[in-house]
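Q: pasting the structure only:
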Ligand code: 3H9
């Protein structure tokens, strides 16, 4: 990403009186050190050359500039800094025009705000999304955006991180005009020539007054936004720093406010939240880079079949319909197919009721949906997803039908949560076409898709599954075959750790509270009430025969299930839900059951601090995460991170469990595990990978780099 003589990342060329400065740093023209140096040199060149009357800034390729090069954060900064570059552009003695197309985000927009005139093409997307990376605009954005748009719209843009289209940017004052045609360079040149013809001079954003003229109104708007942010930002560090920087802009002269912005920006850079969020950004892009997707071409997917019209099948059908695909659903009889169709329609009816979909648009979507009671209806589809009852024999019977009816080359997927996909594949004549697609409920909403790769599957089938995920706007994670794959396998272990703590003395309410304080939207016992306690109960019964008799087994959940307390749907579980309430109340009867179980197990309860609860919870999660990587079930630690960020509510600003472990220090996690093992050595067995990394002084991230 650095400049070289053959292909400088910033190129200058004179076009008449205009010096065209092109940023050419694929893929998205991020502002790496080479680009920053190149921009400084280009402005110096413009100022020095008497033939140059104006400057045009444009981006080559698909973006103006996507922002600072976020790969540089966390490393020692290299001069020149971006604020220096922005200030130099603004100080240029000749008019500078920025012509924006594609993404003009973060530092990219800040460059544009430092130019004297701005034009945006119809495809431009403008934004200051730094908060999504645990940052804030740090090159004058918090000062220049309010000067052009006013405090409220500018702060809202920064806090939401959203991208704004060209029309809206024009209306809010962020840009001066829309560019015609499809060529930003040509439109920018025409604008620059027009400005020169008019005798327009430099016009610095730092001097813009109008949008902030009513000081009292700006102050009031900022006060209201601050109050809202305190309430909504839930432990996030950088949103309030945005407010502070904008406040400095109202209180201080421009240069002093810029200095304050820089200080606040550096605080954000140093925060662990920045490290966690930037890890999440890259991890969610890396997950799709799997060997099979590199080695093979995906098969074309123009139509989808779904077997089963229950909650899961219907959710999958909706996800496929939303992606514009035609869907054929197969069920065993007319009543079931009617129920499946109703489950699908219910989703769209909800959108119509909320005014987010017109009845005509709903009809157009449903026209792509067909139901049938015959597997023959799937003869022509490119991919089938089976979502029937979780029972190996039932699934094998479905696959026998698919084997009989589907065309050669059709991808045959099973949406199982834990069944042995190798066994399903081996039961038919074309195991190379069989793959696991583990959706999370509700399947049309939840982003995670575990792509489970059985032994005999073709690489092109795996590549097809990743392509399908892209079409469905899911975040795909490649998983190997084992009980629970990546997510549910790790969940089972830290859930057990939570149960152990409950039996040892922490109440389920204390545990939930600690987990929420860590940043999760819900604690494990709330989740179990939401999902339905009967599901876990069935799993426990299934595993009872193979459970190690020496392993600790907490029976509290069974006591609740025996009473029919399955959670929200039955009005009580760990919590009470009077009259269908969605937020539960602590239940003294549950506490009495817990106390009785402690007594039965001969345990004298002790107290747990929030810190100890989280240390045990996270140590269990990280240790099993390490096992999953060690066994090759997950390709890399980042695949575990993405699974938990997108499927299990793990707080994004902590980057995922493995990134969290790296930040805490693997030696500390291992020391905790060894400490806990003193009481229960069978449960707390350190993962060989964790032991090995600690011995080497390495971290999980060292395993994330792809070849
Ligand atoms: C900032 O600007 C701070 C300043 O205020 C102050 C500084 C002092 N850097 O997403 P894609 C890579 S903070 C480095 O797949 P799309 C990305 O990893 C920044 N690399 O494409 C991927 O690499 P690979 C504020 C970056 O079309 C490739 O580009 N800006 C950066 O779906 C393609 O990306 C932001 O937060 C970067 N800034 O989406 C914008 N951006 O091919 C962050 C992308 O190896 N970026 N890459 O996997 C985005 O939102 C999207 O990437 C974008 C394109 C919308 C631009």
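A: Okay, I see it. Every value quoted in this text rests on a predicted model; they were computed, and no experiment measured them.
Q: Mind checking what secondary structure the nearest residue to residue 676 once chain neighbours are set aside has?
A: Leaving aside its chain neighbours, residue 676 sits nearest to residue 684 (4.5 Å; criterion: C-beta to C-beta, 6 or more residues apart in numbering). Placement of C-beta: from N, CA and C, glycine included. Secondary structure assignment for residue 684 (DSSP: H, G, I helix; E, B strand; the rest coil): coil.
Q: ok, residue 684 - contacts?
A: Applying C-beta atoms under 8 Å, 6 or more residues apart in numbering to residue 684 gives the contacts 619, 623, 673, 674, 676, 677.
Q: Look up phi and psi at it.
A: phi -100, psi 70 (degrees, to the nearest 10).
Q: Contact residues of the stretch 251-400 of the chain facing the ligand?
A: If contact is defined as C-beta under 6 Å from any ligand atom, the residues of the stretch 251-400 of the chain in contact with the ligand are 282, 285.
Q: Looking at the stretch 251-400 of the chain, which residue is nearest the ligand?
A: Closest contact between the stretch 251-400 of the chain and the ligand, by C-beta to the nearest ligand atom, is at residue 285 (4.2 Å).
Q: Now do that residue against residue 450, distance only.
A: With distances taken as C-beta to C-beta, to the nearest Å, residue 285 is found 18 Å from residue 450.
Q: between these two, who's got more neighbours?
A: residue 450 (26 against 12; other C-beta atoms under 10 Å).
Q: Need the three-state assignment for the more buried one.
A: strand.
Q: Any idea what it is bridged to?
A: residue 438, residue 477 (DSSP bridges).
Q: Surely it and residue 479 touch.
A: Yes. At 4.7 Å, residue 450 and residue 479 qualify as touching, with contact defined as C-beta atoms under 8 Å.
Q: Overlap in contacts, the two.
A: 436, 438, 485, 486, 643.
Q: Can you list the buried residues in stretch 142-161?
A: 142-155, 157-159, 161 (16 or more other C-beta atoms under 10 Å).
Q: Relative to the ligand, how far out is residue 36?
A: Using C-beta to the nearest ligand atom, to the nearest Å, we find residue 36 at a distance of 9 Å from the ligand.
Q: Now that residue, what are its backbone angles?
A: Torsion angles, degrees, to the nearest 10, at residue 36: phi -60, psi -50.
Q: same question, residue 566
A: According to degrees, to the nearest 10, residue 566 has phi -100, psi 0.
Q: For it, which non-adjacent residue is closest in space?
A: residue 533 (4.3 Å).
Q: Would you quantify the distance from residue 48 to the ligand?
A: Relative to the ligand, and taking C-beta to the nearest ligand atom, residue 48 is found at 26 Å.
Q: I should have written residue 173 there, sorry.
A: In terms of C-beta to the nearest ligand atom, residue 173 sits 20 Å off from the ligand.
Q: residue contacts, that residue?
A: 148, 149, 150, 211.
Q: Now flag whichever of the residues you listed is closest to residue 277.
A: Checking these against residue 277 with C-beta to C-beta, the nearest one is residue 149 at 25.2 Å.
Q: Can you check the pLDDT for the closest one?
A: Looking at residue 149, its pLDDT stands at 97.
Q: ditto for residue 707
A: 49.
Q: One more: residue 233?
A: Value for residue 233, per-residue pLDDT: 84.
Q: Please work out how many residues are found near it.
A: The burial count for residue 233: 16, using other C-beta under 10 Å.
Q: which ones are touching it?
A: Per C-beta under 8 Å, 6+ apart, neighbours of residue 233: 239, 240.
Q: ok, 10 Å please
A: Residue 233 sits next to 131, 159, 239, 240, 242, 243 when contact means C-beta atoms under 10 Å, 6 or more residues apart in numbering.
Q: so which of those comes closest to the ligand?
A: Closest to the ligand, out of all of these and judged by C-beta to the nearest ligand atom, is residue 131, at 9.3 Å.
Q: so that closest one touches residue 158, yeah?
A: Yes. The pair residue 131 and residue 158 qualifies as a contact (C-beta atoms under 10 Å) at a distance of 6.6 Å.
Q: Name the residues contacting each of those two.
A: Common neighbours of residue 131 and residue 158 (C-beta under 10 Å, 6+ apart) are 137, 238, 239, 242.
Q: filter those residues down to the ones near the ligand?
A: residue 137.
Q: What count of nearby residues applies to the closest residue to the ligand within the stretch 351-500 of the chain?
A: Per C-beta to the nearest ligand atom, residue 470 is where the stretch 351-500 of the chain lies closest to the ligand, at 10.4 Å. By the criterion of other C-beta under 10 Å, residue 470 has 13 neighbours.
Q: likewise residue 697?
A: If you count neighbours by other C-beta under 10 Å, residue 697 ends up with 9.
Q: so what are the domain limits for the protein?
A: Per automatic domain parsing, the domain ranges recorded for the chain read 10-270, 301-482, 488-564+595-703.
Q: thought the residue of the stretch 351-500 of the chain closest to the ligand was touching residue 451?
A: No. Counting by C-beta under 10 Å, residue 470 sits too far from residue 451 to count as a contact (11.6 Å).
Q: any shared contact partners between these two?
A: 288, 476.
Q: hmm, back to that, check contacts around the residue nearest to residue 566.
A: 525, 557-558, 560-561, 564-570, 572-574.
Q: Go again with 8 Å.
A: Residue 533 neighbours (C-beta under 8 Å, 6+ apart): 557, 560, 561, 565, 566, 567, 573.
Q: related to what we said a few turns ago, now, the shared contacts of residue 450 and residue 479 that are in strands?
A: If you go by DSSP state E, these have 436, 438 in strands.
Q: Please read off the pLDDT at the residue nearest to residue 566 from the model.
A: For residue 533, the model assigns a pLDDT of 91.
Q: Number the chain from 54, please
A: Got it, first residue is 54 now, which makes that one residue 586.
Q: and the gap between it and residue 757?
A: Taking C-beta to C-beta, one finds residue 586 at 36 Å from residue 757.
Q: just residue 695 next, same as before
A: 11 Å.
Q: ok, those two, which is more surrounded?
A: Set side by side, residue 695 and residue 757 show more neighbours around residue 695, with 28 against 21, by other C-beta under 10 Å.
Q: Hmm, residue 527 and the more buried one touching each other?
A: No. Using C-beta under 8 Å, residue 695 is not in contact with residue 527; the gap is 11.2 Å.
Q: Residue 228: neighbour count?
A: What residue 228 shows, counting by other C-beta under 10 Å, is a neighbour count of 27.
Q: Report the contact partners of it.
A: 153, 165, 171, 172, 173, 179, 219, 222.
Q: pretty sure residue 143 belongs to a strand, no?
A: No. Using three-state DSSP, the secondary structure at residue 143 is helix, not a strand.
Q: can you give me phi and psi for residue 72?
A: Taking degrees, to the nearest 10 as the convention, residue 72 sits at phi -90, psi 110.
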